[in-house]
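Engineer: Everything below, folded, please.
(chains A, B, C and D)
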2 protein chains.
Amino acid sequence: MDEVAILAKVSKPTVSRALSGSPLVNAKTRERVLAVAREHGYAVNRNAQKLRHKRTNTIAVSIDFLSHRQNHVSDPFVFELLAGVSEALGNQNQDLLLTAPNHNDPDVFQQMLLSRGVDGFIFLGQGHREDMLDKFSALGAPMVVWGAKRKKEAYCVIGSDNVRGGELAGQYLIEKGRRNILFVGDPSHNEIYWRMKGLKSSAENSGSSIHFSEMQLSNFSYESAYESAISYFSEAESLPDGVFAYSDTAAMAIIHALKKLGRRVPEDVSVVGYNDIPGSGFFSPAITTIRQETFLAGELMVSKLMKIIDGKKTKSETIKTELIIRDT
Amino acid sequence: MDEVAILAKVSKPTVSRALSGSPLVNAKTRERVLAVAREHGYAVNRNAQKLRHKRTNTIAVSIDFLSHRQNHVSDPFVFELLAGVSEALGNQNQDLLLTAPNHNDPDVFQQMLLSRGVDGFIFLGQGHREDMLDKFSALGAPMVVWGAKRKKEAYCVIGSDNVRGGELAGQYLIEKGRRNILFVGDPSHNEIYWRMKGLKSSAENSGSSIHFSEMQLSNFSYESAYESAISYFSEAESLPDGVFAYSDTAAMAIIHALKKLGRRVPEDVSVVGYNDIPGSGFFSPAITTIRQETFLAGELMVSKLMKIIDGKKTKSETIKTELIIRDT
DNA sequence: AAAACCTCTGAAAACCGTTTCAATTTGGCG
DNA sequence: CGCCAAATTGAAACGGTTTTCAGAGGTTTT
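Structural biologist: Have a look, this model is predicted:
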């Protein structure tokens, strides 16, 4: 910057002001400075800026990101969320720091904040990290979480209306005449718990007598979901005629298992998924599902987080949640 | 750091040395410093460090990332790659900066480098950005690209052996007795071009007479691929009995279209995809595909890039490429 | 006992911007 | 023409770390 200053025959602060668009600098001077900077390929050092400003304009995004090694697979849905967040952050001139998958220690996150590596956090998925998130937010970390609302609002949560999603799925299945309904998912995840609750409540309010069962599904991958399903069904007294799976990916695995066992979908069994992931309409059968507006969700999370970083208050919010019927 | 120094009754440089694990500091002194730091929740300022070191330990990752708005969808395969890269970077203590989706301007990337925002780049997918990548690499930017090798090796490319992948697909189809083979994809993408080449060469070397056709597919989404397929097939003289699609997602859309038109897959038509994305075995029919070791690819890209950043030379490399047969 | 050598520590400079504050110039107005 | 305000600029300090270099104290060698 010193060199630019000399070449433009001004002082360093003036160069700084010219480049940062300060109104305190004369228009002609600015032109001169910009010309020199452009010509000599000068770019301000972002680290010096961050150091001085005590602000990094960087947001850490943490995905409940399951590496291949552990035979986990991340849901395409998360990718959709990430795309939304990425675009929204880009629009706000914020950098997106994707945290390493195995960083699930509150200390690691706090370190990032303390060392001024990032200004705030977006957690995509609560997973089983609720305790960690509670602790972290108790430390006053600026953060927004995709997931399900908690009893006490510790941090800002954006998510779909899981109870409503469950109800929509339930109503659909009941309208289809299904009376032996299976829920697939791991209700120790908060989001999934509420989806199940919604499903149950719609069954209770339907006036019909519904047989309700539940299939735990932990440690998700297509393969393990499929195998769990096969072994579950082989031990079950009766096969369900309606299934609500916590995600489209799970629905796909379940459908595969049902077909393997000779059930026709959707003729014998109706299956509802969640997320409306790309391609869910191209599965056979096309998957009836609950859509969440992931793109808006990204924008919403980012705008909330920016507010929080600026010291303003915001509340958790729920995203539009609708049933997409695919009957063919 | 000054405060820590005072509390530990040493000077600032000593604190710095203690925290960075320098051997120049006495063991007892180090203990004292670490204790004070821990107790007072002190963390070194990463930005000051980066400023001083002229090294950020941050790698920019650019995805040919297609936002929802443009009705594009990113292939789950890219997510797999990203997961691999993320884990590998984490192991090397490098931060991963995910660039905004619309950043496709070499100037933007150069700015990131010049302003010392990042040390290097990983581009996941060449897409239609080859010119940009050439320009950027000509500026001496440290970078590694996932994609297909070019004639002249301008930058380090990691990718599958696309020609071989195409050959494997072709051999499979021909062995299945297919003689009317369709390639689906946009050969203006380098990777896809070579896959097609491989397919053709296996057809030519087979000794049988193969009718070969080609369906352009630009601007991918499931929906548009499906529609293109429907309109292509309705105008074609004959329907193919073998299809090689440039990706599993495209294969899924094509299969959907073929079924719609009353063809049975795999009885009437054999379809081969590419990537072995999660769930490709759970589609109906399960998708025969070409697998690439994405996880190793991530590690390889990162290790290559680290070498390049350290001023060492490396060469492009090809990842294991194998056919996964799913006939059921 | 002097010389040579380690080991450990601290002062000062460097990294590269931005901000504060004071100074200079210019313009407006009576 | 003199005075005041506004516009523009620059000197110096600051943000937080690391590195260079020199020095203090202790140990070993001759």
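Engineer: what about the stretch 201-328 of chain A, any weak spots by pLDDT?
Structural biologist: Residue ranges of the stretch 201-328 of chain A with pLDDT under 70: A:328.
Engineer: In contact with whatever residue of it ends up closest to DNA strand D, which residues?
Structural biologist: Distances between the stretch 201-328 of chain A and DNA strand D by Cβ to the nearest atom of the strand are smallest at residue A:309, namely 17.8 Å. From N, CA and C alone the C-beta is placed, and that goes for glycine too. By Cβ atoms under 8 Å, 6 or more residues apart in numbering or on different chains, residue A:309 lies in contact with A:119-120, A:142.
Engineer: So which of those residues is the closest to DNA strand C?
Structural biologist: Scanning those for proximity to DNA strand C, where the rule is Cβ to the nearest atom of the strand, the winner is residue A:119, at 15.2 Å.
Engineer: Phi first, then psi, for that closest one.
Structural biologist: phi -90, psi -20 (degrees, to the nearest 10).
Engineer: Check what pLDDT it gets.
Structural biologist: Residue A:119 carries a pLDDT score of 97 in this model.
Engineer: Which residue ranges make up the domains of chain A?
Structural biologist: For chain A, automatic domain parsing gives the domain ranges A:2-44, A:58-160+A:294-319, A:162-292.
Engineer: residues of stretch A:49-67 that come out buried?
Structural biologist: For stretch A:49-67, the neighbour count (16 or more other Cβ atoms under 10 Å in any protein chain shown) marks A:49-51, A:56-67 as buried.
Engineer: repeat for stretch A:174-182
Structural biologist: Applying 16+ other Cβ under 10 Å to stretch A:174-182 flags A:174, A:176, A:178-182 as buried.
Engineer: Same list (those residues) but as a markdown table, adding pLDDT and distance to residue A:125.
Structural biologist: Shown next, in a markdown table, are the buried residues of stretch A:174-182 (pLDDT from 0 to 100; distance: Cβ to Cβ, whole Å):
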| residue | pLDDT | distance to residue A:125 |
| --- | --- | --- |
| A:174 | 96 | 30 |
| A:176 | 94 | 30 |
| A:178 | 94 | 29 |
| A:179 | 94 | 33 |
| A:180 | 95 | 31 |
| A:181 | 96 | 26 |
| A:182 | 96 | 24 |
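Engineer: Let's see which of those residues end up in strands.
Structural biologist: Among the buried residues of stretch A:174-182, the members falling in strands (DSSP state E) are A:180-182.
Engineer: Chain B: which of those is nearest?
Structural biologist: Chain B lies nearest to residue A:182 out of these, by Cβ to the nearest Cβ, at 18.2 Å.
Engineer: sorry, back to before: want to try a markdown table for the contacts of residue A:309, with neighbour count as columns?
Structural biologist: As requested, the contacts of residue A:309 are exported to a markdown table (neighbours: other Cβ atoms under 10 Å in any protein chain shown):
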| residue | neighbour count |
| --- | --- |
| A:119 | 23 |
| A:120 | 20 |
| A:142 | 22 |
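Engineer: all helices in the stretch 1-150 of chain A, in order from the N-terminus.
Structural biologist: A:2-7, A:12-19, A:27-39, A:46-53, A:76-91, A:106-114, A:130-138 (DSSP state H, counting those that start in this stretch).
Engineer: The first one packs against which elements?
Structural biologist: Other helices and strands packing on helix A:2-7, by 3 or more Cβ pairs under 8 Å, 6 or more residues apart in numbering or on different chains; DSSP states H and E, are helix A:12-19, helix A:27-39.
Engineer: Would you mind naming what in chain A lies close to DNA strand D?
Structural biologist: A:9-14, A:17, A:23-27, A:29, A:48, A:51-52, A:54 (Cβ under 7 Å from any atom of the strand).
Engineer: check those residues against chain B, which are close?
Structural biologist: Restricting these to those near chain B by Cβ under 8 Å from any Cβ of the partner chain leaves A:48, A:51.
Engineer: are any of the residues of chain A next to DNA strand D buried, and which?
Structural biologist: Counted by 16+ other Cβ under 10 Å, these give A:10, A:14, A:17, A:25, A:29, A:48, A:51 as buried.
Engineer: burial measure for residue A:237, as a count.
Structural biologist: Residues lying near residue A:237 (other Cβ atoms under 10 Å in any protein chain shown) number 6.
Engineer: Surely it is in a helix?
Structural biologist: No - Residue A:237: not assigned to a helix; according to DSSP: H, G, I helix; E, B strand; the rest coil it is coil.
Engineer: and it, how far is that from residue A:211?
Structural biologist: Distance, residue A:237 to residue A:211, by Cβ to Cβ, to the nearest Å: 10 Å.
Engineer: Check residue A:301 too.
Structural biologist: In this structure, residue A:301 and residue A:211 are 39 Å apart, going by Cβ to Cβ.
Engineer: Comparing these two, which residue is more hemmed in?
Structural biologist: Using other Cβ under 10 Å, the more surrounded residue of residue A:301 and residue A:211 is residue A:301, with 30 against 15.
Engineer: Point me to the helix or strand that includes that one.
Structural biologist: Assigned by DSSP states H and E, residue A:301 belongs to helix A:294-309.
Engineer: Quick check: buried residues in the next helix or strand after that helix?
Structural biologist: Next in sequence after helix A:294-309, counting helices and strands by DSSP H and E, comes strand A:317-319. Buried residues in strand A:317-319, counted by 16+ other Cβ under 10 Å: A:318-319.
Engineer: Walk me through which strands strand A:317-319 pairs with, and which way each runs.
Structural biologist: Strand A:317-319 pairs in its sheet with strand A:156-160 (parallel), by DSSP bridges.
Engineer: what sits up against the strand it pairs with?
Structural biologist: Around strand A:156-160, the neighbours that count as contacts under Cβ under 8 Å, 6+ apart are A:143-150, A:191, A:290, A:292, A:297, A:300-301, A:304-305, A:308, A:314-321.
Engineer: Now do it: distance to the chain's middle.
Structural biologist: 9 Å (Cα atoms, centre = their mean, to the nearest Å).
Engineer: I figured residue A:97 hits residue B:90, correct?
Structural biologist: No - contact criterion Cβ atoms under 8 Å: residue A:97 and residue B:90 do not qualify, at 11.7 Å.
Engineer: what touches both of the two?
Structural biologist: Taking Cβ under 8 Å, 6+ apart as the contact rule, the neighbours common to residue A:97 and residue B:90 are residue B:96.
Engineer: how many neighbours does residue A:31 have?
Structural biologist: Residue A:31: 12 neighbours (other Cβ under 10 Å).
Engineer: If anything else comes up later, I'll come back, but that's it for now.
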